[in-house]
Structure formats: structure tokens, C-alpha cells
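K.L.:
From the sequence below, what's the structure:
(chains A, B and C)
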Amino acid sequence: MPQSRPLTTLPIHPPGDFDFRRTVLGHGWYALPPFRYDSERGALGGVASLGGTIIPWEIREQGSLLELRVPARLAPHLRMPLKATVRSCLRMDEDLAEFHRQTRRLVSHRWIARTRSGRLLRAPTVFEDAVKLLCTTNCTWALTETMVKRLVEEFGPGDGARAFPSPEAIARSSERVLRTRCTLGYRAPFALELARRVADGSLEIESWRTTPLPTDELYATIRRVKGFGPYAAGNLLKLLGRYDYLGLDSWVRARYATLHGHGRKISDATIERHYKQYGRWRGLIFWLEMTRHWHEEKFRRQA
DNA sequence: GCGTCCAGGTCTACC
DNA sequence: GGTAGACCTGGACGC
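P.N.:
Just a heads-up that it's a prediction; the model follows:
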């Protein structure tokens, strides 16, 4: 957040079972632009695009409240929509009471409710989450960061602070530009097709957050999008508030093998079978178990 | 510095 | 339904 411009502060009241740092740092999204995280100040920054207005913002804890800092010149009629966007990114309106009740039943899971864990940072739009997930497939995290950074630099609206590109901006691009300048490689045609389908209205991706479709049908819908296999679809579901799928990748397989198999490789079917007992929350419990060591390292003061 | 190998998910073709 | 190979990039490694 540029400090040279006058800022104004908007208070946000989080729900009682909310933990700011665990929500922000619970997976890697905070490191992908337009998000950025200042660990010294404990502040998450972002850039919103609301009705054609590009708005840099920053949020951090201030006592029991959260303090959202925005440019003082921000029009009053955009303040509530911006607060709603940030609340949605931080999953503040998601009801995790049932999830936390379930985790209290097992001694090994009580830390989850005790530390108010379970919310996973997401982007302002499903489109942004989907493109970013595509950028995580079959590559290192460093390459994912490069891809997203270049997409924002190349197509993101704004001067200086850039928001994530709209579907239309990417749709107007070309496979060649996405391949070379944004380093998407063979993912370029997948990203282009996704952007074009969203831009022309044939894929109503934003409705996925509120659709009444059963999760299995929504999963099948996501799988029909090119480039979205079991890993990408399962993890996109988590960002839509559905936790019925695990979204296995090589890192969590290795982590599971370390935790449950003394380092020996364990089949996906065995992992799936193990988590079936947790019902519709299994994907979230799985992710929190796999990353518990992050919680113990990053959040030692609370865990 | 250069070449080779490998890891990382998904798609397609094939059995 | 299961499997092999291709896709692309960057890092590790050997020379």
C-alpha cells in the first residue's frame, strides 16, 4: 500500500471463530499477486477492481477488530462493496460452527477449533482462483508465482497497483503471448479457453460460489473445464466452500506418507478411505492435518 | 556454460 | 478403466 497517498480506515468486525493470520497464511494464496503479505506488520494487501475503479487496500488486526485501509479519495458508494469483497476473500461469512463442533469430538483434532483454524484465503472472484489453480499444476511454486505475476503485469488493470486481469482481458490475448510472456507454457490454451468461455458467458463461473448444485455435480462441471483434473477441481471446490474432495498433489501425498506411512508411499485410494469418515468436511480436515506443522511453526504463540 | 535428467498434473491415444 | 507418453519450465547434476 503506497504510504504517500492519504488513507482512510474502515473497521471490519470478524466473527468470533475467526483467526486473521491462520486464514491468510493457511495456504500459499497470500503470496500470489495482487495479494501480498507484509509479515513484519502482519498486513495483507490486495487490489480490487470494482465497477472499473481500481482500489489498492490493506488489512491487518487492530485489537479485536480488523482495520481495512483504503485511499481516502475512495468514493463512499464503493466502501461497502470493497468491505464485502475483503470479507469474502477472508471467508468471514462462511459458517464453520458445524465443522468446529465436529473437530472437537476427536482429541487429535481439538487444536483446529481451539485455534479457530479452517478458513482459507481466496481471491475476489472464482475466475481468479481458477486461473491461479491452473498455474499451480505440474510445476514448482516458484514458477506459479512467475506465471501469476506476469499475468497481472501483462493484463491487470490499473497504474502501479494492478488488479487481477478480467476474463475479457485474457480472452483478448493469444496463446502465444500467454505461453511466452506469461510463461504458462502448455497451460496457455487451457487458460485462454477458460477466459473466453467466461467472457462470452458460456461458462458462468462466478455462480459456482452460490449454486445449489450437489458437490458431486459441481465437481463434474469443473472437471469438464480443460486443464482441471482431480487436483485442480478438488482444490477449487475448497475455495468455493465445499470440502468433499481432497485434491491430492505430490506434496500432500509425500506429507501423508511421512505422517502415516513412515515415509512409505501410500495409494490415493487408501488416503481417500482414511478421510471418508469425516464426511463433507474431509477435504478441510485433510488439508489442516497436512499443514499442522505450519500452524505450529508460524503460529506458535497460539497452537 | 552447456547438456541431460527429473519433478510436477492433465490430456489424449491406446489397449 | 487403466496406462503410457507428451506437454513445458526450472532446478539439480555431471561434464
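K.L.:
Do I have it right that A:Ile54 meets A:Gly160?
P.N.:
No. Using CB atoms under 8 Å, A:Ile54 makes no contact with A:Gly160, being 9.2 Å away. (Each C-beta comes from the backbone N, C-alpha and C, glycine too.)
K.L.:
Poorly predicted segments of chain A, please.
P.N.:
Counting by pLDDT under 70, chain A contains low-confidence ranges at A:1-4, A:299-303.
K.L.:
do that again at 90, thanks
P.N.:
Along chain A, the model assigns pLDDT under 90 to residues A:1-7, A:51, A:140, A:142, A:159-160, A:180, A:254, A:257-269, A:293-303.
K.L.:
And the residue nearest the centre of it?
P.N.:
For chain A, A:Arg122 is the residue whose C-alpha lies nearest the centre (CA atoms, centre = their mean; 2.9 Å).
K.L.:
And it, how far from DNA strand B?
P.N.:
17 Å (CB to the nearest atom of the strand, to the nearest Å).
K.L.:
do A:Arg110 as well
P.N.:
Counting by CB to the nearest atom of the strand - A:Arg110 and DNA strand B are separated by 30 Å.
K.L.:
Pull the number of nearby residues for the closest residue to that residue other than its chain neighbours.
P.N.:
Spatial nearest neighbour of A:Arg110, excluding adjacent residues (CB to CB, 6 or more residues apart in numbering): A:Arg104 at 5.8 Å. If you count neighbours by other CB atoms under 10 Å, A:Arg104 ends up with 13.
K.L.:
Equivalent analysis for A:Leu240, please.
P.N.:
18.
K.L.:
what do you get for A:Asp129?
P.N.:
By the criterion of other CB under 10 Å, A:Asp129 has 23 neighbours.
K.L.:
got it, and A:Thr137?
P.N.:
17.
K.L.:
Report the contact partners of it.
P.N.:
A:187, A:227, A:229, A:231-232 (CB atoms under 8 Å, 6 or more residues apart in numbering).
K.L.:
and those as CSV, adding neighbour count, secondary structure and distance to A:Leu213?
P.N.:
Formatted as CSV, the contacts of A:Thr137 follow (neighbours: other CB atoms under 10 Å; DSSP: H, G, I helix; E, B strand; the rest coil; distance: CB to CB, whole Å):
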residue, neighbour count, secondary structure, distance to A:Leu213
A:Arg187, 23, helix, 26
A:Gly227, 19, coil, 21
A:Gly229, 13, coil, 20
A:Tyr231, 19, helix, 21
A:Ala232, 22, helix, 18
